[in-house]
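> Got a predicted structure here, sequence first:
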Amino acid sequence: MGQGPVLGIEATAHTASVGIVQPAEGGGVEILTNVFASYSPTEGGIHPREAANHHAESLPRLIREALAEAGVAPGDLEAVAFSQGPGLGPCRRTGASAARALALTIGRPLVGVNHCVAHLEVGRAVLGCQDPVLLYASGGNTQVIAYAAGRYRVFGETLDIGIGNMLDKLGREMGLPFPAGPTLERMALSGERFLPLPYSVKGMDVAYSGILTAALNLHSKGEPMDDLAMSVQETAFAMLVEVTERAMAHVGRDEVLLGGGVAANSRLREMATIMADERGARCFAPPPQLCVDNGAMIAVLGEMMLEVGATTPIEESGVMQRFRTDEVEVTWR
Ligand code: ATP
Ligand code: FE2
């Protein structure tokens, strides 16, 4: 078992994506393809049903595209993995339906994977780090994690909103398109004056709503958007890097691995690398396309789970189990 390619479907939020991976000779995985279609609301936040409609329209095309690009015939797939949760209900169900339809058509097993754990495992599989402290920074999640005794244990996390949601909410008020993270990153490059913002670290945890409120305030007072973007990034990322460093010292690990959409940010990657260098440790960050929501990360975790026989019966494929990162029983490590 587990020698052929695995196709992964991601559709739990704004992004529909299909990836195909296969076990590489000598260990690890090879990513054959990773194709995307993103839903962007015309105004306001994500409308779950509209996003689900977008995914339902996109997925058949993305699956065909991925198979063609990878040069894989549907019948050659070993399994179909899909992001089972957490995520927006209508989106999640759309992804699961597409996965079920494909798995039934080709008569191969389904593997339902946890979205958060997929964000972490893709880096380990592709970059070959051993036992890192993990910094998972995305839209809804901001967690510092380490593996111990069959679980990904959360050492610290946001006490209010995820760092990506904070960036997106700020961007929305500034009139930037969704998601705002990449645009703020570009604007921050031109920021010149640092505007002090609430730096909120409590033990191993962080909080972001104070930064958001203060930044919105400065925006309404007419402070330049580039300065604001730079100041928000510097403050929010410094908080994250501080708790990550503390976790590394606490659990005695000399590797840090980044994951999640915000980990696509070059400045965060740079700050984490400087921190790691200063303590004689190493920082690993997957290519940006593997940080944001993507089908390849789902296929990677699906492949690992398939290896240990952790497939999902069709009748359980609608159930959303193991919601939080630390509720997932890690049977493949
Ligand atoms: P979660 O994993 O918590 O469910 P998600 O699934 O909504 O999050 P991801 O694709 O993992 O989505 O992360 C999306 C977030 O990443 C958005 O908030 C977006 O603004 C942010 N993001 C993407 N690229 C960048 C970047 N270059 N700089 C900063 N933030 C970024
Ligand atoms: Fe995500």
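It's in. Ligands and ions are numbered 1, 2, ... in the order given.
> Quick check: which ranges of the stretch 151-300 of the chain have low pLDDT?
For the stretch 151-300 of the chain, no stretch has pLDDT under 70.
> Get me the contact residues on it for ligand 1.
The interface of the stretch 151-300 of the chain toward ligand 1, taken as Cβ under 6 Å from any ligand atom, is made up of 162, 164, 167-168, 179-182, 185, 260-262, 264-265, 292-293. (C-beta placed from N, C-alpha, C; glycine too.)
> Now restrict these to buried residues only.
The neighbour-count test (16 or more other Cβ atoms under 10 Å) marks 162, 164, 167-168, 179-182, 185, 260-262, 264-265, 292-293 as buried among these.
> Near ligand 2, which residues of the chain are found?
S138, D293 (Cβ under 5 Å from the ion).
> So which residues of the chain form helices?
Ranges of helices in the chain, per DSSP state H, are 48-70, 89-106, 115-127, 163-173, 181-188, 209-220, 225-251, 266-278, 288-291, 295-307.
> Using a markdown table, lay out those helices together with distance to I31.
Shown next, in a markdown table, are the helices of the chain (distance: least, Cβ to Cβ, whole Å):
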| stretch | distance to I31 |
| --- | --- |
| helix 48-70 | 9 |
| helix 89-106 | 19 |
| helix 115-127 | 7 |
| helix 163-173 | 23 |
| helix 181-188 | 22 |
| helix 209-220 | 35 |
| helix 225-251 | 26 |
| helix 266-278 | 19 |
| helix 288-291 | 8 |
| helix 295-307 | 5 |
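> Tell me if I'm right that N165 and T142 touch.
No. At 9.0 Å, N165 and T142 do not qualify as touching, with contact defined as Cβ atoms under 8 Å.
> hey, what's in contact with both of those two?
Y208 (Cβ atoms under 8 Å, 6 or more residues apart in numbering).
> Same drill for those two, tell me which one is more crowded.
T142 (30 against 22; other Cβ atoms under 10 Å).
> Which residue is the nearest non-sequential neighbour of that one?
T158 (4.0 Å; Cβ to Cβ, 6 or more residues apart in numbering).
> Tell me who's in contact with that neighbour.
N141, T142, Q143, D205, V206, A207, Y208.
> Can you name the residues in contact with stretch 277-292?
In contact with stretch 277-292 (Cβ under 8 Å, 6+ apart) are residues 15, 31, 34, 119, 122-123, 126-127, 129, 132, 245, 248-249, 253-264, 269, 272-273, 275-276, 296-297.
> where's it relative to the chain centroid, distance-wise?
Stretch 277-292 has its C-alpha centroid displaced from the chain centroid by 14 Å (Cα atoms, centre = their mean, to the nearest Å).
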